[in-house]
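Undergrad: 3D model of this:
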Amino acid sequence: MALLNKSVPLLVFVVLFLGYTLGKLRFGTFELGSTSGVLLVGLLFGHFGLSMPGGLDDIGFILFIFCVGLQAGPRFFSVFLEDGSKYILLAVVVSGSALVLAKLFAWYLDMNPALAAGMLAGILTSTPTLVGAQDAIKQLAPSNEFDLLQMLSVGYAMTYITGTLILIIGVRYFPKLLNINLKNESEMLARERGLAGDPDAVKKGDLPIIRVYRISTKLAESLEGKTLRQLNLHERTGCLVDKIRRNGSIFEPNGDTPLLEGDSVAMVGKPRDFRKFPYELGDEVLDTEMLDHQVEYRKIVLTNQKVAGNELSSLAIDEQHHCFVHKVKRSQIEMPINQGLRLSKGDIMLISGERARLDRLTSILGYEEKQSHTTDLITFCLGIVMGLVIGQIIVKVGGIDVTLGNAGGLLLSGIVIGHLRANQPTFGQVPPAALYVLMELGLMFFMANVGLKAGGGILEAMSSAGLMVVISAVMIEVTLMFVAYIFGRYCLGMNRALLLGAITGAMTSTPALNVITQEADSNVPSLGYAGTYTFANVFLTLVGTMMIAL
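TA: Numbering: from 1, shown residues only. Down below sits the predicted model:
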């Protein structure tokens, strides 16, 4: 302990190391998680009098909340293209109801506002709420900052793990309580939106190959001069006719091209698809010129406003461009792939195909997300500076000082830069791996500080008001689930599997989403989660600020 007291860097990274190790522990299907692990280790060390000096937690807070904005930016202004208004309304209702309920419980129990804000942040497992409340305390109550921040941390620490467990248990048994069959609901939505299909078609995701066949006399006679459109080979087999050599010349066919005797046909498809052919194509031939087909994977970020909002089928990526879509990620969540999937601006699409065709397709969809190892730190730092400056702006409204605070300013700045980055690929380069590390380290520095601050007073707080705080938190979370469900189902008319996914997004709980997708045996709930998660992070940050300011 003496050694840890002498060296702050050693203390911080010991807490992180032990926290990450603890977070890997599993209890049945439940994994504690890195955030919970770091928080618990911080609490233990804080209880023994270890503390972290001010400054490092501020750096952690700045990095985390700015990266949240960067992550939200690509979709924030375009979500209206697909059920966007429903997702925003649901996120607003959850955030607003959480604020009202927490304020009511705090008033009824005469609870310290900072303790109530920490309780709310913990039960929602929402670090942005905690960040917003902490920033408001520093801005509005500097004279009593230390005590209020400790109360905030104590409230969060007492309810965070409870919040995670209650939400996981809730989404597991909530459908059974209301007699909801998540599998049927997911299949129903999949049929309505054209998402139904062979689930293995996406999961296998193997790279296409090319094979060349010479059309035999027997096959040519059986085809009776039918065109490629009439043969409908792609729909029936998954393979495409990429090139044809006829009379010594190579050309790219179109739908009106027939297959004739003696043609050498280059077929592109996944290895398993070649077994589905209804014909004996003829002899496979070695034609080096036609086999010179550079197939590769490419991650393409969708930025074209004219394409966003359309269904995947309308792009005809396979038939027109002879490329194959393997994955679509939205807000870090993998979407269920099928022809009825409605695309959204900022989606990251993993597509395979021949290099020249991928180049043409990339120019239509947006830009390639290249595996860059460089981060535009100039823009990154400028964005943080802009966010902090915006947070200092005060506007007088009826004699009341209104300000976004550092949290709101950083969020706004991050969203704007993230949006510009999605439309201008050369601007503000932050590779996904770099964004993850910056965001994760920022969050863990912040959580380590929360645990160390709360550790010194958590036993006293739990002995005096701990049970009441935890009970209040559970009541708030259960009420929020019912309010969100009733509003989403009866006011917005949402599909119930989609709605439950959206509720977990509005409460920023990825573990709870995993439970729902397992129960539904489908990725359909992920659509709802991705829709609300982005906005929930923004709104819940403001809720944390308002818990202190009001």
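
Undergrad: top helix in this structure by residue count?
TA: Secondary structure of the chain read by DSSP state H shows that its longest helix is helix 145-177.

Undergrad: now do it: which elements does it pack against?
TA: Helix 145-177 makes packing contacts with helix 34-47, helix 113-123, helix 127-140, helix 432-455, helix 458-461, helix 467-486, helix 496-506, helix 510-520 when contacts are defined by 3 or more C-beta pairs under 8 Å, 6 or more residues apart in numbering; DSSP states H and E. Quick note: C-beta positions are derived from backbone N, CA and C, even for glycine.

Undergrad: if you set the cut-off to 6 Å instead, what comes out?
TA: Secondary structure elements in contact with helix 145-177, counted by 3 or more C-beta pairs under 6 Å, 6 or more residues apart in numbering; DSSP states H and E, are helix 113-123, helix 127-140, helix 432-455, helix 458-461, helix 467-486, helix 510-520.

Undergrad: what's the least confident stretch among these?
TA: The minimum mean pLDDT among the helices and strands packed on helix 145-177 belongs to helix 458-461 (a mean of 67).

Undergrad: off-centre distance for the longest helix of the chain?
TA: Centroid separation between helix 145-177 and its chain, computed with C-alpha atoms, centre = their mean, to the nearest Å, is 21 Å.

Undergrad: between it and helix 34-47, how big is the angle?
TA: Interaxial angle, helix 145-177 versus helix 34-47 (axes from the mean of the first three to the mean of the last three C-alpha atoms, to 10 degrees): 140 degrees.

Undergrad: flag every buried residue along helix 145-177.
TA: 145, 148-164, 166-168, 170-171, 174-175 (16 or more other C-beta atoms under 10 Å).

Undergrad: let's have the helices and strands packed on helix 145-177 in TSV, adding mean neighbour count and distance to A356.
TA: Formatted as TSV, the helices and strands packed on helix 145-177 follow (neighbours: other C-beta atoms under 10 Å; distance: least, C-beta to C-beta, whole Å):
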stretch	mean neighbour count	distance to A356
helix 113-123	30	51
helix 127-140	27	44
helix 432-455	22	26
helix 458-461	16	62
helix 467-486	18	48
helix 510-520	21	37
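
Undergrad: so is Y367 in a helix, a strand, or just coil?
TA: For Y367, the assignment made with DSSP: H, G, I helix; E, B strand; the rest coil gives strand.

Undergrad: right, and the helix or strand after the helix or strand of the chain with the lowest mean pLDDT?
TA: For the chain, counting by mean pLDDT, DSSP states H and E, helix 200-203 ranks last in confidence among helices and strands (a mean of 40). Using DSSP states H and E, the helix or strand that directly follows helix 200-203 along the chain is strand 209-215.

Undergrad: which is the next helix or strand following that following strand?
TA: helix 217-223.

Undergrad: and that next one, how far from the chain's centre?
TA: 51 Å.

Undergrad: buried sites along that helix?
TA: Here helix 217-223 shows L219, A220, L223 as buried, counting by 16+ other C-beta under 10 Å.

Undergrad: touching, G69 and V416? I think so.
TA: No - the criterion here is C-beta atoms under 6 Å, and G69 misses it with V416 at 8.0 Å.

Undergrad: please identify which of those two sits among more neighbours.
TA: For G69 versus V416, neighbours defined as other C-beta atoms under 10 Å are more numerous around G69 (27 against 19).

Undergrad: now the more buried one: which helix or strand?
TA: helix 56-76.

Undergrad: list the buried residues for the helix or strand just after that helix?
TA: The helix or strand immediately downstream of helix 56-76 is helix 84-108, counting by DSSP H and E. Buried residues in helix 84-108, counted by 16+ other C-beta under 10 Å: 84, 86-95, 97-99, 101-103, 105-106.

Undergrad: for helix 84-108, packing partners?
TA: helix 113-123, helix 467-486, helix 496-506, helix 524-549.

Undergrad: quick check: which of those is nearest to E284?
TA: Closest to E284 of the helices and strands packed on helix 84-108 is helix 524-549 (C-beta to C-beta; 40.7 Å).

Undergrad: number of nearby residues for I378?
TA: 9.

Undergrad: doesn't it lie inside a helix?
TA: Yes - looking at I378 with three-state DSSP, it is inside a helix.

Undergrad: need the contact list for it.
TA: Under the criterion of C-beta atoms under 6 Å, 6 or more residues apart in numbering, I378 has no neighbours.

Undergrad: distance of it from I65?
TA: For I378, the distance to I65 (C-beta to C-beta, to the nearest Å) stands at 20 Å.

Undergrad: ditto for M267
TA: 51 Å.

Undergrad: more crowded one of the two?
TA: I65 (30 against 22).

Undergrad: can you pull the pLDDT of the residue nearest to the more buried one when sequence neighbours are not counted?
TA: What sits nearest to I65 in space, not counting adjacent residues and going by C-beta to C-beta, 6 or more residues apart in numbering, is L410, at 4.7 Å. As predicted, L410 sits at a pLDDT of 83.

Undergrad: check which helix or strand covers L410.
TA: Judged by DSSP H and E, L410 forms part of helix 405-423.

Undergrad: that helix: how far from the chain's middle?
TA: 17 Å.

Undergrad: contacts for it?
TA: Outside helix 405-423, the residues touching it (C-beta under 6 Å, 6+ apart) are 65-66, 69-70, 72-74, 76-77, 131-132, 135-136, 139, 303, 346, 383, 386-388, 390-391, 427-428, 538, 541, 545.

Undergrad: and the angle for that helix with helix 432-455?
TA: Taking the same axes, to 10 degrees, one finds helix 405-423 and helix 432-455 inclined to each other by 170 degrees.

Undergrad: just the CA coordinates of helix 405-423, formatted as PDB?
TA: Output of helix 405-423 as PDB, limited to C-alpha atoms (Å, rounded to 0.1, in the frame of the first residue of the first chain):
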ATOM      1  CA  GLY A 405     -21.200  22.500 -19.800                       C
ATOM      2  CA  ASN A 406     -18.100  20.600 -20.800                       C
ATOM      3  CA  ALA A 407     -20.000  17.400 -21.300                       C
ATOM      4  CA  GLY A 408     -22.500  18.900 -23.600                       C
ATOM      5  CA  GLY A 409     -19.900  20.900 -25.500                       C
ATOM      6  CA  LEU A 410     -17.600  17.900 -26.000                       C
ATOM      7  CA  LEU A 411     -20.600  15.800 -27.200                       C
ATOM      8  CA  LEU A 412     -21.700  18.500 -29.600                       C
ATOM      9  CA  SER A 413     -18.200  19.000 -31.000                       C
ATOM     10  CA  GLY A 414     -17.600  15.200 -31.300                       C
ATOM     11  CA  ILE A 415     -20.900  14.800 -33.100                       C
ATOM     12  CA  VAL A 416     -20.100  17.500 -35.600                       C
ATOM     13  CA  ILE A 417     -16.600  16.200 -36.300                       C
ATOM     14  CA  GLY A 418     -17.900  12.600 -36.600                       C
ATOM     15  CA  HIS A 419     -20.600  13.800 -39.100                       C
ATOM     16  CA  LEU A 420     -18.000  15.700 -41.200                       C
ATOM     17  CA  ARG A 421     -15.700  12.700 -41.100                       C
ATOM     18  CA  ALA A 422     -18.400  10.500 -42.400                       C
ATOM     19  CA  ASN A 423     -18.900  12.800 -45.400                       C
END
